[in-house]
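Participant: okay, predicted coordinates and the sequence, questions at the end:
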Amino acid sequence: MTGPTPPTPGEELLLAKISAAAGRAHLGKRRATYTAVAYTAPAQAVPVRGLGSLLSFVLHGRPSAPQTGRDARLDLYEHGMTVALKGRIHVVRYDTTSVFEEGAANPYDLARAGTACTVTAADGKRITLHAGPERSDVEEWWPGIRRAVIHAQLPRVLAALAGGERVAFGDVWLTGEGVGSAGVSAPWPQVQEVGIRKGAVELDVAGTRHRLGPAASEIPNLFVFCALVERLRTGGTR
């Protein structure tokens, strides 16, 4: 019987670079490793439109055009993740990243992946991730990223709302009293449901549906937003 194939020198060097980057960013213990297809978009000078000093990356920009992806290695840690792509190691922190999801059918279903997601790295670069050659991988790493981002960001957002702050997710905003965008707003007692229809977020206000903000794919951390809506709609900021 033969044992596992020993890593090549190149694989050992890559692992050392990943571990060093994760250590410098204080990402904690490695949880899992996956494969994906990825490409990067250049960092852009866009306005911070999120939680002020609480969350430093709630970005409003999107990748401007599709690009050809390459195989990438994802390493998920306690407090963030690394993406090894084309010899570079990109660090993503769960407490500051903005995640944009393509093809989100139900942001409340944390186990169901969309067609792609774009994460914002610590240096502002955006990395778009697709399912790798083994499609089953995405059903593991995508729910892991979603849950970790919610766990890292939700307490801070709730604290900001409890302190009377207004929190923005791109063009959509929340307060302790209500939710809205440029075209519609409603107090929490009138909000019955938030869902996605034809690629847009819809707000059910007293039985009438209203489109809330831009396309769902343009709302950063949509799953965090939906977790907040459910919490505030049913019980407030605590």
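Facilitator: Thanks, I have it. Numbers count the residues shown, from 1 in each chain.
Participant: bridged to the most centrally placed residue in the chain, which residues?
Facilitator: With distances taken as C-alpha atoms, centre = their mean, Val99 lies nearest the centre of the chain, 2.7 Å away. Beta-bridge partners for Val99, by DSSP bridges, are Val119.
Participant: in contact with it, which residues?
Facilitator: Residues in contact with Val99, defined by C-beta atoms under 8 Å, 6 or more residues apart in numbering, are 117-120, 145-146, 149, 220-223. Any C-beta I mention is one placed from the backbone N, CA and C, and that applies to glycine too.
Participant: ok, and the most crowded of these?
Facilitator: Asn221 (28 neighbours; other C-beta atoms under 10 Å).
Participant: show the pLDDT at the closest residue to that residue other than its chain neighbours.
Facilitator: Nearest non-adjacent residue to Asn221, counting by C-beta to C-beta, 6 or more residues apart in numbering: Val99, 5.5 Å away. At Val99, the model reports a pLDDT of 95.
Participant: how far away is Val99 from Arg70?
Facilitator: As for Val99, its distance to Arg70 is 20 Å (criterion: C-beta to C-beta, to the nearest Å).
Participant: please apply the same query to Thr40.
Facilitator: From Thr40 to Arg70 the distance is 10 Å (C-beta to C-beta).
Participant: more crowded one of the two?
Facilitator: Set Thr40 next to Arg70 and count neighbours by other C-beta under 10 Å: Thr40 wins out with 21 against 12.
Participant: strand partners (parallel or antiparallel) of whichever strand or helix holds that one?
Facilitator: Element membership of Thr40, judged by DSSP states H and E, is strand 30-41. Here strand 30-41 is paired, per DSSP bridges, with strand 70-77 (antiparallel), strand 126-131 (antiparallel).
Participant: and after the longest helix anywhere in the chain, which helix or strand comes next?
Facilitator: For the chain, the helix that runs over the most residues, judged by DSSP state H, is helix 138-162. Heading C-terminal from helix 138-162, the first helix or strand you meet, by DSSP H and E, is strand 167-169.
Participant: tell me which other helices or strands the helix or strand of the chain with the lowest mean pLDDT touches.
Facilitator: Using mean pLDDT, DSSP states H and E, strand 191-197 stands out as the lowest-scoring helix or strand of the chain, at a mean of 85. Contacts defined by 3 or more C-beta pairs under 8 Å, 6 or more residues apart in numbering; DSSP states H and E place strand 191-197 against strand 178-180, strand 200-205, helix 222-234.
Participant: before I go, just wanted to say thanks for your time.
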